[in-house]
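# turn this into a structure:
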Amino acid sequence: KQWYNAEYGGPGEAGMALVDMSVLGGPLRCRRCKAYINPNVKFVDGGRKFICNLCNVDTEVPPEYFCNLDHTGRRADTAERPELSRGSYEFTTTTDYCKGSKFPQSAAYIFVIDVTYASFQSGMVQTLTSNIAAVLNNLPKEEGQEKSPIRVGFITYNTQLHFYNLNPSLAQPAMMVQPDMSEVFVPIVDGFLVTLDEAQTHLKALMDMIPTLHSQDKKGESIMLPAIQAGCAALKAAGRPGKVIMFHSSLPIAAGPGQLKNREDKKLLNTDKEATLLVPADPVFEKVARECVDAGVGVDMFLFPHAYIDVASVGKIATVTGGIIQRYPMFRADVDGERLIQDLAIHISEPCMFDAVLRMRTNAGIRPVEFCGNFMMQNATDMEIAVLKPSSTVTIEIKHDDKLSEDFHAYVQVALLYTSMSGARKLRLHNLALPVSSNLSDLYKACDMDTVVNSLTKEFGKALLQNHTYKSLREQLLQRVSNSLACYRQNCAAPSQPGQLILPETLKLLPLYSHCLLRSPALMPSVEVSFDEKSNLLQRLAMMNVEQSELFLYPRLYNLNTSTLGNEGMPPIIRSSYDRIRESGPHLLDNGLVLILWLGSNTPSKWLQEVMGVTVIDQVDPTVGNLQPFDNPTSVRIREIIDEIRTKRRQHLRLNVVRQKDKTEHIFMQFLVEDKTEQGMNYTDFLCSIHREIRNILS
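This is a model prediction of the structure:
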């Protein structure tokens, strides 16, 4: 389920209703299983009691909540109460739902910037300091607010930590240095976390000060973990949830907590030891991540590596806290600067929830057993998430482990307790009533393939981190898909010839997406994919929603020939195979994370002139990163298409230009998922292998 922010529903949905039960001392709950009042409970005894739909135990209704029942046995005020008439709604809460029995304060964002020599050489620091003031204008507001409630603070670091006091009463911003990394503390209380209005007094001066103070420092080594600890400690001391937004350039090899060594070894690819390089090198990273979650602090990472940076270790903190990891390999300010600022502005503008706890309750016969996503679990039921964004997604597998009657529904209730940006503690409820059937045909008809694929993707990504080899995962996936399809043929399909492949209507594309999953660079061993890139892909897989995982597995390939562009919308999509591509046509590939413009060797000179500004394909600069604007309909239309893709992905994807028969063409071809590779078969052969496996099972 995708969680939207409190004030607004998803596309086409009504806003979330907010229910205040403070007169009852908090939301009304079942006295036995602690489920919350919902539309599926049954009121009895004239409305003086309700029977819980999850555990079937009755609970007395408080006098303040009593209402008479109508002739059908329903409360007379059902339509007026969202908690009795809607599947999703929210409750205000009391201090019983708050840490320390005290309501939290509004959130804060702390920007933590690496000021080592490498960061200045790439232009990262200069790009940030030149644009951060404009970016901060995108801080999110809650409905009805004129100004964002979020406070901001700044830390820079190399082998030391630098804190900045932005108190408006000071003549200029003040810097305090902390050289000892063994015991991090916050030297500033007042003036470190300030409102945007207060920050404006010194913000420009601070952004000018940072390059002036640190650009001449030739230190190549840096810390990292102490900087995160400092940001977390500052938010905890202020009693605020929030985010640490980190900008980091290199492997943290400086002495101190979280010191790392280069452990990349290509020889371990596709071996039993591969997983050791995809998990943190030091348990201290997970320890700090847990401390951040306990404090309600999420960590977002913007990484700018020019070499191995050990994403598996440093990124663990972001994944456990519900944060993001954005990589900008070989960052160059002149090429990638706009992309960084656009990504940061989009990221900053997203409304967030903080210090969240999610629990699923079910009736007898089913229970939640597996959990995938970016969160922390300290018990068997509660998912703790430091920060939730509109795109945040968790996957919960529910197991049928006891008898269910077809005369009744199976019930699921998901409760999400969270802190809003302005510091309000709220409880969001989602309720489902699912029909029960013993007929396998009904199951296959109701099957949601998109969700099945999303769940499989996360499950196998998680398995790779648990010492499973690619070979064993491939065999397991092949077996599971074949068993599912063989079950349908044996129990649901009409009799047919053994040589005919019969697939359920809802799962016709399951073999295709299974093939794509095995082709994914997140799973398939390849010397072309670094361990850092693989770790990042696995971390992203864990948080993808259904639409994102579909696009990641089967990229969209557009024909950009002038004759197919049209005047609006997206151009035609073609199948992801080299056989479908024409040498005379440019094509655009989008998988949600990568954007590639492929130029055939016979791309018309007119098209090249109008879009690329050259007449010969050899003159095209593959490192351009973006298209220059030219005043002609073709250039305008193609830039509109690229902008629309970036808007949908909520990310300023870098445009990678690949020319046919160039050495870099293999980068493009690895995304043509229907084709054969050195490591695996094409889709047609994979489908045949599935068919053979089904016939073996049935025989």
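
# for Met383, see how far away Arg359 is.
Separation of Arg359 from Met383 (CB to CB, to the nearest Å) stands at 7 Å. (Glycine included, C-beta is placed from N, CA and C.)

# neighbours of the spatially closest residue to Ala463 that is not a sequence neighbour, just the number please.
In this structure, Ala463 finds its nearest non-sequential neighbour in Leu473, 6.0 Å apart by CB to CB, 6 or more residues apart in numbering. Look at Leu473: counted by other CB atoms under 10 Å, it has 19 neighbours.

# list the contacts for Leu473?
Taking CB atoms under 8 Å, 6 or more residues apart in numbering, we find Leu473 in contact with Phe460, Ala463, Leu464, Leu518, Leu523.

# is it in a helix, a strand, or coil?
helix (DSSP: H, G, I helix; E, B strand; the rest coil).

# could you shift the numbering so residue one becomes 658, and keep it that way?
Done: numbering now begins at 658, and the last item shifts to Leu1130.

# kindly state the pLDDT recorded for it?
Per-residue pLDDT puts Leu1130 at 94.

# same question, Gln659
30.

# if we can go back for a sec, what's the farthest-apart pair in the contacts of Leu1130?
Spatial extent of these (CB to CB) is set by the pair Ala1120 and Leu1175 at 12.8 Å.

# now do the strands in the stretch 908-1057 of the chain.
Using DSSP state E, counting those that start in this stretch, the strands of the stretch 908-1057 of the chain run over 954-960, 982-984, 1010-1019, 1023-1029, 1039-1045, 1052-1057.

# could you dump the ones you listed to JSON lines with mean pLDDT?
Below are these laid out as JSON lines (pLDDT from 0 to 100):
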{"stretch": "strand 954-960", "mean pLDDT": "98"}
{"stretch": "strand 982-984", "mean pLDDT": "96"}
{"stretch": "strand 1010-1019", "mean pLDDT": "98"}
{"stretch": "strand 1023-1029", "mean pLDDT": "95"}
{"stretch": "strand 1039-1045", "mean pLDDT": "98"}
{"stretch": "strand 1052-1057", "mean pLDDT": "95"}
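
# of all the ones you listed, which one is nearest Leu1086?
So among the strands of the stretch 908-1057 of the chain, strand 1010-1019 is nearest, using CB to CB, at 10.3 Å.

# now do the closest one: distance to the chain's middle.
17 Å (CA atoms, centre = their mean, to the nearest Å).

# in its sheet, which strands sit next to that strand, and in what direction?
strand 1039-1045 (antiparallel), strand 1067-1076 (antiparallel) (DSSP bridges).

# run through the residues that contact the residue of the chain most remote from its centre.
In the chain, counting by CA atoms, centre = their mean, His728 sits farthest out from the average C-alpha position, at 48.2 Å. For His728, the contact set (CB under 8 Å, 6+ apart) is empty.

# tell me which of the strands paired with strand 1010-1019 sits most buried.
Mean neighbour count (mean count of other CB atoms under 10 Å) peaks for strand 1039-1045 among the strands paired with strand 1010-1019, with a mean of 24.

# returning to what we had before: Ala1120 and Leu1175: which has the busier surroundings?
Leu1175 (21 against 17).

# quick one: the helices in the stretch 758-907 of the chain?
774-779, 781-793, 853-857, 860-871, 882-895 (DSSP state H, counting those that start in this stretch).

# now do the longest one and strand 1039-1045, the angle between them.
It refers to helix 882-895. 100 degrees (axes from the mean of the first three to the mean of the last three CA atoms, to 10 degrees).

# surely Asp922 meets Leu934?
Yes: with contact defined as CB atoms under 8 Å, Asp922 reaches Leu934; the gap is 6.9 Å.

# between the two, which is the more surrounded one?
Each of Asp922 and Leu934 has its neighbours counted (other CB under 10 Å); Leu934 has more, 20 against 13.

# what about the helices of the stretch 758-907 of the chain, which gets the closest to Met833?
Comparing the helices of the stretch 758-907 of the chain by CB to CB, helix 882-895 comes nearest, at 11.3 Å.

# state the mean pLDDT of that closest one.
Computed over helix 882-895, the average pLDDT equals 96.

# dump the strands paired with strand 1010-1019 to a markdown table, plus distance to Val1315.
Supplementary listing: the strands paired with strand 1010-1019 in a markdown table, determined by distance: least, CB to CB, whole Å:
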| stretch | distance to Val1315 |
| --- | --- |
| strand 1039-1045 | 36 |
| strand 1067-1076 | 43 |
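
# now Trp1255, nearest residue through space, not along the chain?
Nearest one to Trp1255, counting by CB to CB, 6+ apart, is His1244 at 4.7 Å.

# and Val992, by the same measure?
Gly1282 (4.2 Å).
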